[in-house]
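Asker: What follows is a predicted protein model with its sequence.
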Amino acid sequence: MFPRSSIFPMLLCLVLLAACSNPSPPPCTDALGCVDISPDAPVKLGVIQSLSGETAVLGLEQVRGLELALDRRGNSLLGHAVELLMEDTGCAAEGGANAALKIVADPQIVAIFGTTCSSDAATAAAIMAPSGLVMISGNNSASYLTSRRGRKAPKWQPGYFRTAPNEEAAGPAAARHAFDMGLRKAALVNDGEIYTKGLTSGFQEEFERLGGRIVLDAAITSTDPNMGPVLTAVRNSGAELIFFPLFQPDGNNLLLQARSTVGFEKMVFMSDGALIEASFLDAVGKAATGMYFVGPTPPPATPEGERLAAEYQARYSASAPTMYYLSAFDAADILLNAMEKAARPLPDGTLRIGRQALREAMYATHGFEGVSGPMTCDEFGDCAAQSFDVLRLDDPKLGIEGLKRNVVFTFAPAS
């Protein structure tokens, strides 16, 4: 039996002992704040992709690239399970904003993997940046998101990165080949979004620099399937070529309606990578014969690429419909590597990731050997080198692989 007078000192000692054995975590000193992940909690990633509509196949490829990268790590990071919080943008600017608002509302989200389309990337990044997160995409390519002519682009945001090449050179690649074919009058058709407008403006600048003339610069409403008015304008302009970097179904509608319209028998049709897809060829069939496409130069065959293709086949029981899962895998790998570098364990077993530290680790990515090519992230968030091929479809029966093999022109500005 302890004397009553000794009970209080004993209790005080016990309280002090408990406090010493369970110290409070040190304060966060990161300029943008910290994410503290308790020992039994998952690492949370926001995933913002286009998972519905015609671009869903591209969004799914992004998700699968991320999943394959996580598979390589046993779906864990520094001893924590990884939890994905998915949001669908529908490849729309409003969808990107709404998805980003939902993601940043959770203070435990460490980073964002997305988006699929450039239009929703611009709105999502504008919400991501002031929230202190990072966001990386394996599919966005509009020059307006990062840089143009070596300078900050209008929609640039700090903390935004991508492993798809900046398409600043895609329009010029298309223009150079068109001019080399002897064409001097071109019509341009975009859908009013930053991705397609960036491509047509790049085409125009290079085509006019070479001595060609833009006889029509038009925009369609993507919700309207009737291409009659714009096709009439193209025909009346006297264009020899129409450059229409549109997504499905707009690209399908324009091509099919043009093929059945008088006055387009000798027209040269050229689009971009959004239509270098099996579903487009299946939808339009022989109407695409003779059509040109400009898209990123695919990575060379390597043992690592073949290994990843086998992993894709094993996990999803199908071959990849596009090559974009490769750049998605690289984007995920860069992000996960940076998270590992930025993370710090605390004495109580908590994992702390500073948001500014994570951004700095991302910007420090240099000489990363990705399956889609070497990666070095510059000050604007571009990590991949620019190289674009112009393809011509000679035989629809050979499918998408036949198209990819028929390279008629390559443009790599850095070389």
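Answerer: That came in fine, so what should we check first?
Asker: How many residues are close by A309?
Answerer: A309 has 17 neighbouring residues, counting by other C-beta atoms under 10 Å. (Each C-beta comes from the backbone N, C-alpha and C, glycine too.)
Asker: which ones are touching the nearest residue to it once chain neighbours are set aside?
Answerer: Ranked by C-beta to C-beta, 6 or more residues apart in numbering and with sequence neighbours excluded, the top spatial neighbour of A309 is A320, at 6.9 Å. The neighbours of A320, taking C-beta atoms under 8 Å, 6 or more residues apart in numbering as the test, are E61, R64, A309, Y312.
Asker: three-state assignment of A320?
Answerer: Under the three-state scheme (DSSP: H, G, I helix; E, B strand; the rest coil), A320 adopts coil.
Asker: Ok, L133 next?
Answerer: Assignment for L133 (three-state DSSP): coil.
Asker: Was I right to think it contacts I109?
Answerer: Yes. Shown here, L133 and I109 form a contact pair, counting by C-beta atoms under 8 Å, at 6.9 Å.
Asker: Now for these two: what residues contact both?
Answerer: Here L133 and I109 share the contacting residues G46, scored by C-beta under 8 Å, 6+ apart.
Asker: So these two - more neighbours on which side?
Answerer: L133 (25 against 20).
Asker: From A233, how far out is the more buried one?
Answerer: Using C-beta to C-beta, to the nearest Å, one obtains 43 Å as the distance from L133 to A233.
Asker: ok, back up a step: quick one: which of the contacts of A320 is nearest F293?
Answerer: E61 (17.7 Å; C-beta to C-beta).
Asker: Compute the distance from the centre of stretch 340-351 to the centre of its chain.
Answerer: For stretch 340-351, the gap between its own C-alpha mean and the chain's C-alpha mean amounts to 29 Å (C-alpha atoms, centre = their mean, to the nearest Å).
Asker: Any chance of the backbone angles for T115?
Answerer: Here is the backbone geometry of T115 (degrees, to the nearest 10): phi -110, psi -170.
Asker: The spatially closest residue to F411 that is not a sequence neighbour: neighbour count?
Answerer: Nearest residue to F411, sequence neighbours excluded (C-beta to C-beta, 6+ apart): A173, at 3.6 Å. Neighbouring residues of A173 were enumerated by other C-beta under 10 Å; the total is 27.
Asker: now the one 3 residues further on
Answerer: If you count neighbours by other C-beta under 10 Å, R176 ends up with 21.
Asker: roughly how far apart are it and A412?
Answerer: The span separating R176 from A412 equals 12 Å under the rule C-beta to C-beta.
Asker: do the same with P39
Answerer: Distance of P39 to A412, computed by C-beta to C-beta: 48 Å.
Asker: One more: G263?
Answerer: With distances defined as C-beta to C-beta, the gap from G263 to A412 amounts to 36 Å.
Asker: D394 now?
Answerer: In this view, D394 and A412 are 24 Å apart by C-beta to C-beta.
Asker: now do the same end-to-end measure for stretch 362-379.
Answerer: Criterion C-alpha to C-alpha, to the nearest Å; first-to-last residue distance in stretch 362-379 is 10 Å.
Asker: Distance from the chain centre to it, please.
Answerer: Average the C-alpha atoms of stretch 362-379, do the same for its chain, and the two points are 15 Å apart (C-alpha atoms, centre = their mean).
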